[in-house]
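>>> Need a 3D model of the following:
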Amino acid sequence: MNISASKDMFGAFSENCSGIYASGESIEATQADTYEAIRLIKKNLPEERWPEQIKGDFEIEWKFDVPSFLEYYSSFMSLAGMEKLTGVNQKQLSNYLNRRAVPRRKQADRIVTGIHKFAHELLSITL
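Numbering: from 1, shown residues only. Alright, predicted model coming up:
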């Protein structure tokens, strides 16, 4: 599901499964609306008309655009912290967040790689 922020809400759509759209005032609300959309498809359509991707067990991959990712996760970690994780200057991250600039693919990949590396490190910690 592709998630992006607009001025007053978040929206989501599926690239590979037609008919699944969602929205909400937060990422969590949008994700919940996605599951509700799938539930309604399964409730209101005969099984032979369900998209193949939601038959049986399925897993949703959430795909953010860079500004939406930064908007959502900047409430959990500062841009200064993201700079340390990604190597992308926090002023530039701010420009992406506020849609004053659009990151090149290489910059977007640096952000994702840095965040994934951090997440992997967190998963290996035991307290």
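>>> just checking, next helix/strand downstream of the lowest-mean-pLDDT helix or strand in the chain?
Every helix and strand in the chain was compared by mean pLDDT, DSSP states H and E; the lowest is helix 66-73, with a mean of 89. Per DSSP states H and E, helix 66-73 leads on to helix 79-86 as the next helix or strand towards the C-terminus.
>>> Run the chain-centre distance for that next one.
From the chain centre to the centre of helix 79-86 is a distance of 18 Å (C-alpha atoms, centre = their mean, to the nearest Å).
>>> For that helix, C-alpha coordinates in PDB please.
Extracted in PDB, the C-alpha atoms of helix 79-86 (Å, rounded to 0.1, in the frame of the first residue of the first chain):
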ATOM      1  CA  LEU A  79      15.700  15.400  12.200                       C
ATOM      2  CA  ALA A  80      19.100  15.700  13.900                       C
ATOM      3  CA  GLY A  81      18.800  12.000  14.800                       C
ATOM      4  CA  MET A  82      17.700  11.100  11.300                       C
ATOM      5  CA  GLU A  83      20.700  13.000  10.000                       C
ATOM      6  CA  LYS A  84      23.000  10.800  12.100                       C
ATOM      7  CA  LEU A  85      21.200   7.700  10.900                       C
ATOM      8  CA  THR A  86      21.100   8.500   7.200                       C
END
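>>> so what does it touch, helix or strand wise?
Judged by 3 or more C-beta pairs under 8 Å, 6 or more residues apart in numbering; DSSP states H and E, the packing partners of helix 79-86 are helix 66-73, helix 90-97, helix 105-123. All C-beta spots, glycine's among them, are computed from the backbone N, C-alpha and C.
>>> just to revisit the earlier point, could you figure out how far the least confident helix or strand of the chain is turned away from helix 79-86?
120 degrees (axes from the mean of the first three to the mean of the last three C-alpha atoms, to 10 degrees).
>>> Buried residues of stretch 92-103, list them for me.
Within stretch 92-103, the residues scored as buried using 16 or more other C-beta atoms under 10 Å are 92-97, 103.
>>> hmm, back to that, now do the least confident helix or strand of the chain and helix 90-97, the angle between them.
Going by the same axes, to 10 degrees, helix 66-73 makes 110 degrees with helix 90-97.
>>> Contacts for stretch 28-40 next, please.
1, 3, 9-12, 19-24, 54, 60, 62 (C-beta atoms under 8 Å, 6 or more residues apart in numbering).
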